[in-house]
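Asks: here are the coordinates; sequence isn't available:
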C-alpha cells in the first residue's frame, strides 16, 4: 500500500490525461478501430509500465501476459489455458529479474518508481526483515499487472457498451460532465469489471 500512496497516484494524473488525449487523437484518425485494443487496454498497460518503469520497448507483451495469467484462473481450466498461464508467468518473471537486478544497482526515484519502493521498502519505520523477498517481489508485480489491467480495461469497455445501450443516459452524461464520478460508480455496480473473485478467510466469519 505504501508503494501506491495518494501522492504517487496524484502525480500520475498528468501523464494519464496526456495518454488518453493521444489515444483519442489516434482513434479519430482511423476509419475503423477496435475500442478495446486501441484504447481501453492501452491505458492500464502504459500506466503499469510507468509505475514499474518498464522500458517502452519491452511493454508489448504485458497485455498478453495478463490475459493468459488471468485465463488460468477460469473455473473450467483446460490444459492449454493452464500451460499458457504458466508460460506467461515464467516470461514475465524473466523480465522482472532483469528489471529488479538493474534497480538494485541503480534505484529509481523512491517517490514515483513503485518497483524501487517494493525493493527498498518504506523509508520511514522500516525494520530489519520487513523487505519483500524475491518471490514476493515477483508476486506483487504480477498482481499489479493483473489487477490493474483486467479491471481498468473491462470497466472502460463495459462502461461504453452500457452507454451505447442507454442513449438517454449517454446524452445526460454529455450534457452534465459533473455526473462522471457517479456514472462510474453505477457502471461498477451494474456491470462490474470482474465477475469472479477469490477470497480466503483469515478468521472465522461472523453473522
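Replies: Arrived safely. Since the model is a prediction, treat every value here as computed from it, not as a measurement.

Asks: next SSE after the lowest-mean-pLDDT helix or strand in the chain?
Replies: Averaged element by element with mean pLDDT, DSSP states H and E, the chain has its least confident helix or strand at helix 114-120 (a mean of 85). Scanning forward in sequence from helix 114-120 by DSSP states H and E, the next helix or strand is helix 134-165.

Asks: Any buried residues in that next one, and which?
Replies: 137-138, 140-142, 144-146, 148-150, 152-160, 162-163 (16 or more other C-beta atoms under 10 Å). In this view, the C-beta of every residue, glycine as well, is placed from N, C-alpha and C.

Asks: Can you give the distance of it from its chain's centre?
Replies: Its chain's average C-alpha position is 4 Å from that of helix 134-165, according to C-alpha atoms, centre = their mean, to the nearest Å.

Asks: ok, residues contacting the helix or strand following it?
Replies: With elements assigned by DSSP H and E, the helix or strand that comes after helix 134-165 is helix 167-175. If you take C-beta atoms under 8 Å, 6 or more residues apart in numbering as the criterion, helix 167-175 is touched by 162-164, 179-180, 183.

Asks: next one: stretch 61-69
Replies: 41, 45, 48-49, 54, 84-85, 87-89, 91-92, 95, 142, 145-146, 149-150.

Asks: and with 6 Å instead?
Replies: 41, 45, 84-85, 88-89, 92, 145-146, 149 (C-beta atoms under 6 Å, 6 or more residues apart in numbering).

Asks: Run through the protein and note the low-pLDDT ranges.
Replies: 1-5, 122-130, 197-198, 205-207 (pLDDT under 70).

Asks: Tell me the spacing between the residue nearest to the spatial centre of it and residue 170.
Replies: Residue closest to the mean C-alpha point of the chain, counted by C-alpha atoms, centre = their mean, is residue 148 at 1.8 Å. Distance check for residue 148 against residue 170: by C-beta to C-beta, to the nearest Å, it reads 26 Å.

Asks: ok, now residue 193?
Replies: Taken as C-beta to C-beta, the span from residue 193 to residue 170 is 19 Å.

Asks: cool, residue 23 as well?
Replies: For residue 23, the distance to residue 170 - C-beta to C-beta - is 20 Å.

Asks: now the residue nearest to residue 196 when sequence neighbours are not counted, what's its secondary structure?
Replies: Nearest residue to residue 196, sequence neighbours excluded (C-beta to C-beta, 6 or more residues apart in numbering): residue 75, at 7.0 Å. Three-state assignment for residue 75 (DSSP: H, G, I helix; E, B strand; the rest coil): coil.
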